[in-house]
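# got a predicted model here, sequence first, then my questions.
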Amino acid sequence: MTSSSAGLTAPYALVRFRTGDGAEARLGLVAGDRVREIGPDELGAADLNAFLAEAPASWGRLTAVAEQTDAAWHPLADVTLSAPVTPRQVLQTGANYRTHVIDLVAAGRAKNDPRPIEELREWAADMMDRRAREGIPYFFIGLPAAVVGDDVDLVLPSYSDQHDWELELAIVIGREAFRVDREHAMEHVAGYTIVNDVTTRDLVFREDMKEIGTDWYRGKNAPGFLPTGPFLVPSPFVANPGDLHLQLTLNGDTMQDATTSDLLFDIPALIAGASQNMPLLPGDLLLTGSPAGNGIVHGRMLRDGDVMVGAIEGLGAQTVRAVAEERR
């Protein structure tokens with residue numbers, strides 16, 4: 001596939017890119033409609049995660065590289081972009097958009113629930129408002145092996161037909177964060193990227209062990225279930241991550257359309273909360289949750305041949321094609 005920087009407003013961003021079929025992805029710097037390979041000399045560090053460990057201060061090293069006009073540049077349209085990060089840990093945030101949770105409660109209404117749908121939505125709204133005032137973020141763990149670029153087709157496992165999309169703003173951790181407070185949390189943000197946190201809905205809750213609750217391993221961690229990127233945008237170029245527009249379209253139809261201002265727990269609260277029991281490492285992904293408009297609410301799950309375009313203001317867009325796995 002070819003790549004475009006449409007929607008990317010930063011002066012530069014990091015990517016991983018390939019120039020030919022089968023070639024290994026290389027770390028690159030995107031500036032406008034061109035990309036060039038960068039290595040330890042330009043980074044001033046051994047690798048990407050070591051560079052990010054010094055972010056946001058380290059971003060200034062790339063300013064002069066982005067302004068160069070030598071022959072090292074490739075047209076961005078001629079390369080294939082992959083996932084821009086190699087996280088050691090992936091943390092996901094559940095139930096963190098107010099409207100999203102209200103919609104899920106209404107969609108999951110029990111058949112024997114006598115309450116009118118509006119009453120149920122009001123109950124869910126009160127619950128979310130109380131949680132925002134008194135609660136703490138809800139985290140679970142994803143597998144880094146599920147992180148891929150949008151150059152990889154999303155294979156829909158044959159064991160279910162309930163695969164759903166979840167467009168999310170993802171924080172890329174910079175300096176290691178361990179038991180930080182809200183006031184200092186943003187000092188540990190290297191940048192931001194786009195993630196589609198794909199979910200198999202009918203596997204989230206265990207029917208055979210209802211007392212246990214959610215099964216996020218089976219519900220989320222199939223191969224390729226975390227399409228990421230294509231750009232890692234430096235944090236200094238994202239002025240207000242708490243008010244970014246997100247939109248996901250399915251075959252051209254808008255499914256998710258929201259802003260990060262609907263987050264229950266904002267980015268400082270998420271970083272502070274997630275760092276309390278385990279250090280967040282340079283290059284790790286911290287997903288902030290998905291807004292309203294998932295397939296379970298639309299009554300439409302992913303099918304063979306579907307094309308999703310997920311865009312976040314200032315961060316560009318990713319295009320993911322779904323293909324059905326052959327039934328075994």
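Cool, got the structure. Numbers count the residues shown, from 1 in each chain.
# how many neighbours does residue 230 have?
The criterion is other Cβ atoms under 10 Å. On that basis, residue 230 has 30 neighbouring residues. Just so you know, the C-beta spots here come from the backbone N, C-alpha and C atoms, and that holds for glycine as well.
# that one reaches residue 315, doesn't it?
No: contact criterion Cβ atoms under 8 Å: residue 230 and residue 315 do not qualify, at 9.4 Å.
# between the two, what contacts are shared?
Residues touching both residue 230 and residue 315 (Cβ atoms under 8 Å, 6 or more residues apart in numbering): residue 194.
# what about residue 71, which SS state?
Under DSSP: H, G, I helix; E, B strand; the rest coil, the three-state class of residue 71 is coil.
# tell me the pLDDT of it.
Residue 71 carries a pLDDT score of 89 in this model.
# okay, and for the stretch 1-150 of the chain, where does confidence drop off?
1-4, 21-22, 108-111 (pLDDT under 70).
# mind listing the helices for it?
With DSSP state H, counting those that start in this stretch applied, the stretch 1-150 of the chain shows helices at 40-43, 48-52, 63-66, 98-107, 117-134, listed in chain order.
# okay, buried residues for the second one please.
Using 16 or more other Cβ atoms under 10 Å as the burial criterion, the residues of helix 48-52 that qualify are 48, 49, 51, 52.
# and which of the residues you listed is nearest residue 16?
Closest to residue 16 out of those is residue 48 (8.7 Å), distances taken as Cβ to Cβ.
# surely the closest one touches residue 25?
No: using Cβ under 8 Å, residue 48 makes no contact with residue 25, being 11.5 Å away.
# tabulate the helices of the stretch 1-150 of the chain in TSV, adding columns for distance to residue 207.
TSV is the format used below for the helices of the stretch 1-150 of the chain (distance: least, Cβ to Cβ, whole Å):
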stretch	distance to residue 207
helix 40-43	49
helix 48-52	40
helix 63-66	53
helix 98-107	18
helix 117-134	23
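# show me what counts as buried in stretch 288-299.
Neighbour-count burial for stretch 288-299 [16+ other Cβ under 10 Å]: 288, 289, 290, 291, 292, 293, 294, 295, 296, 297, 298.
# in helices only, show me the residues you listed.
In this view, the buried residues of stretch 288-299 that belong to helices under DSSP state H are 295, 296, 297, 298.
# which residues touch the last one?
Okay, so that is residue 298. Counting by Cβ under 8 Å, 6+ apart, the residues that residue 298 touches are residue 255.
# state the helix or strand in which the residue nearest the centre of the chain lies.
A centroid search over the chain (Cα atoms, centre = their mean) returns residue 195, at 2.3 Å, as the residue closest to the centre. Assigned by DSSP states H and E, residue 195 falls within strand 189-196.
# in terms of secondary structure, what does the helix or strand following that strand contact?
Note on strand 189-196: by DSSP H and E, the next helix or strand toward the C-terminus is strand 199-200. Other helices and strands packing on strand 199-200, by 3 or more Cβ pairs under 8 Å, 6 or more residues apart in numbering; DSSP states H and E, are strand 163-164, helix 216-220.
# those: which one's closest to residue 206?
The closest approach between residue 206 and any of these, judged by Cβ to Cβ, belongs to helix 216-220 at 8.4 Å.
# dump that closest one to PDB, restricted to CA.
Provided in PDB are the C-alpha atoms of helix 216-220 (Å, rounded to 0.1, in the frame of the first residue of the first chain):
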ATOM      1  CA  TRP A 216      -9.500  -9.700  28.200                       C
ATOM      2  CA  TYR A 217      -6.900 -12.200  27.000                       C
ATOM      3  CA  ARG A 218      -9.300 -14.100  24.800                       C
ATOM      4  CA  GLY A 219     -11.400 -11.000  24.100                       C
ATOM      5  CA  LYS A 220      -8.700  -8.800  22.700                       C
END
